[in-house]
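Can you look at this prediction? I've put the sequence above it.
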Amino acid sequence: MEILSLGRSSPPNKIPPILHKHSPTSSPQLLPHNNTPISLRSPNTSLVQHAPILHKHYSTTKKLLSHHSSLMLYYAENNLIHQSQSTWEQLLNSSFIPSLHFISKLFKTYSKHSQFDLILYILNSLKSRYFNLLPHFYSLAISSFGNAGNLHLMEQTATEMVSNGFHIDSKTGNYLIRCYAVFGSLNQMENTYGRLKRSRFSIDGETIRAVAFAYLKKRKFYELGEFVRDVGLGRRNLGNLLWNLLLLSYAANFKMKSLQREFVRMVQAGFRPDLTSFNIRVLAFSRMDLFWDLHLSIEHMRDEMVVPDLVTYGCVVDGYLDRKLGRNLEFVLNKMSVDDCPRLLTDPFVFEVLGKGDFHLSSEAFLEYETGQNWSYRVLIKKYLKKHYRRNQIFWNY
């Protein structure tokens, strides 16, 4: 525990004296060990001689405060409210200065037990004592309320923070948007994003993903496209995230011409399509039975040295089998590395919209429950074809 000051320790000028053993009166002369009066010696020499006493007192006080803070965390973890409050009062009346790590753990523990009133109580008791650290304490309280989904107290604390003259930084602003994206409504999320944008703060990748999932769950694909354009498709620090979300907003409604146009614009803007970019198009082509475009996409992936994953193979297998073209499946698979080990690297937000194909789901089940086998795409396809062709067979049980 970080201890920044010791309010009740003995200052250097009040070091307990060492009594001379031959003092004749009841008011003994204050002499050091070498019989020279302290007043006649330099102060630095006196402090050096009594440094062990100061160090021992400091260490004792530090251990005591550390014990009390650990004890308070123990009370909070076990939901012992009365003992926790009593220990907090003792800490406040001492020279203890709480660290951000201690307050963070305390708020998280209270939040886990839904003791939101205690978080407000701790925050109010810190206001008048540690003004310089108060913005950090506000941010920790906002984080605790947000993690618990208590949007009312989160917004109330943020408003109080601003009214006390503190500015909400970019990290806290992004966190507010994420909380509204997960627990709130789209209007709350959009209004908070608007306030963050007016403050000229940059929205980070984690927040973009949270907002995107909120739009995708509500099937608001047009709004998703407008959002990523507003953030800025030219941001290279996010990789292909914004472009992939834009492609997905068109693929979700199977707007194939718009999907192709934006893919070309992505390449022209200097962005190199990744596996997720290709798989969004491949999924759309497979669902729409556009086999020629499907072939071209696989050829393009090979030219760009993008290795297909389980989603890509699933699009090929499901697309051909759904159209009863299983005999032509080898024609496509011969151009792919079917002996590679299966892997899944497509961004999960794609499945939120387009779902997983039958081959994809079956392969995941095989890989999960038969872990001892050396799997390859060839083995998975062979097992799936066997299952698929037996699907419509009737077995009579006499």
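It's in. Everything numeric here is computed off the predicted structure, so don't read it as measured data.

rest of the way, CA atoms for contacts and neighbours
Will do.

how near is Phe131 to Tyr138?
Distance from Phe131 to Tyr138, counting by CA to CA, to the nearest Å: 11 Å.

tell me the centre residue of the protein?
In the chain, the residue lying closest to the centroid (CA atoms, centre = their mean) is Glu206, at 7.2 Å.

Tell me which helix or strand it sits in.
In the assignment (DSSP states H and E), Glu206 maps to helix 205-217.

same deal with Glu89?
Glu89 belongs to helix 81-92, assigned by DSSP H and E.

helices or strands up against whichever helix or strand comes after that helix?
Moving toward the C-terminus from helix 81-92, the next helix or strand (DSSP H and E) is helix 100-112. Other helices and strands packing on helix 100-112, by 3 or more CA pairs under 8 Å, 6 or more residues apart in numbering; DSSP states H and E, are helix 51-77, helix 116-127, helix 134-147.

how about helix 100-112: buried residues?
Ile103, Ser104, Lys105, Leu106, Phe107, Lys108, Thr109, Tyr110, Ser111, Lys112 (16 or more other CA atoms under 10 Å).

Provide the contact partners of that helix at residue level.
Helix 100-112 has contacts (CA atoms under 8 Å, 6 or more residues apart in numbering) with 1, 69, 73, 76-77, 79, 116, 118-119, 136-137, 140-141, 144-145, 148.

same thing with stretch 322-337?
Asp289, His295, Val316, Val317, Tyr320.

who's in contact with the nearest residue to the third one once chain neighbours are set aside?
Nearest residue to Val316, sequence neighbours excluded (CA to CA, 6 or more residues apart in numbering): Ser286, at 7.0 Å. For Ser286, the contact set (CA under 8 Å, 6+ apart) comprises Leu294, Cys315, Val316, Asp318, Gly319.

What is the nearest of those residues to Arg178?
Cys315 (32.6 Å; CA to CA).

Any stretches of the stretch 101-250 of the chain with poor pLDDT?
In the prediction, the stretch 101-250 of the chain carries no residues with pLDDT under 70.

For Met288, grab phi and psi.
phi -90, psi 10 (degrees, to the nearest 10).

gap between the residue nearest to Val316 and Leu248?
15 Å.

Phe278 now?
Distance, Phe278 to Leu248, using CA to CA: 11 Å.

Pick out whichever of those two has more residues nearby.
The residue with more neighbours, out of Phe278 and Leu248, is Leu248; 27 against 21, by other CA atoms under 10 Å.

Contact partners for the more buried one?
Leu248 makes contact with Ile280, Val350, Val353, according to CA under 8 Å, 6+ apart.

what does Ile280 give?
Contacts of Ile280 by CA under 8 Å, 6+ apart are Asn244, Leu247, Leu248, Ala251, Val350.

Just the ones in strands from those, please.
Among the contacts of Ile280, no member is found in strands (DSSP state E).

Setting the sequence-adjacent residues aside, check what's closest to Ala212.
Leu224 is the one closest to Ala212 (CA to CA, 6+ apart), at 6.4 Å.

Now the helix or strand hosting that neighbour - C-alpha only, PDB.
Applying DSSP H and E as the criterion places Leu224 in helix 221-231. Only the C-alpha atoms of helix 221-231 are listed here, as PDB (Å, rounded to 0.1, in the frame of the first residue of the first chain):
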ATOM      1  CA  PHE A 221     -27.400  -1.700 -41.000                       C
ATOM      2  CA  TYR A 222     -27.900   1.700 -42.600                       C
ATOM      3  CA  GLU A 223     -27.100   3.400 -39.300                       C
ATOM      4  CA  LEU A 224     -24.000   1.200 -38.900                       C
ATOM      5  CA  GLY A 225     -22.800   2.400 -42.300                       C
ATOM      6  CA  GLU A 226     -23.400   6.000 -41.500                       C
ATOM      7  CA  PHE A 227     -21.600   5.600 -38.200                       C
ATOM      8  CA  VAL A 228     -18.400   4.100 -39.700                       C
ATOM      9  CA  ARG A 229     -18.400   6.900 -42.300                       C
ATOM     10  CA  ASP A 230     -18.700   9.500 -39.600                       C
ATOM     11  CA  VAL A 231     -15.800   8.000 -37.600                       C
END
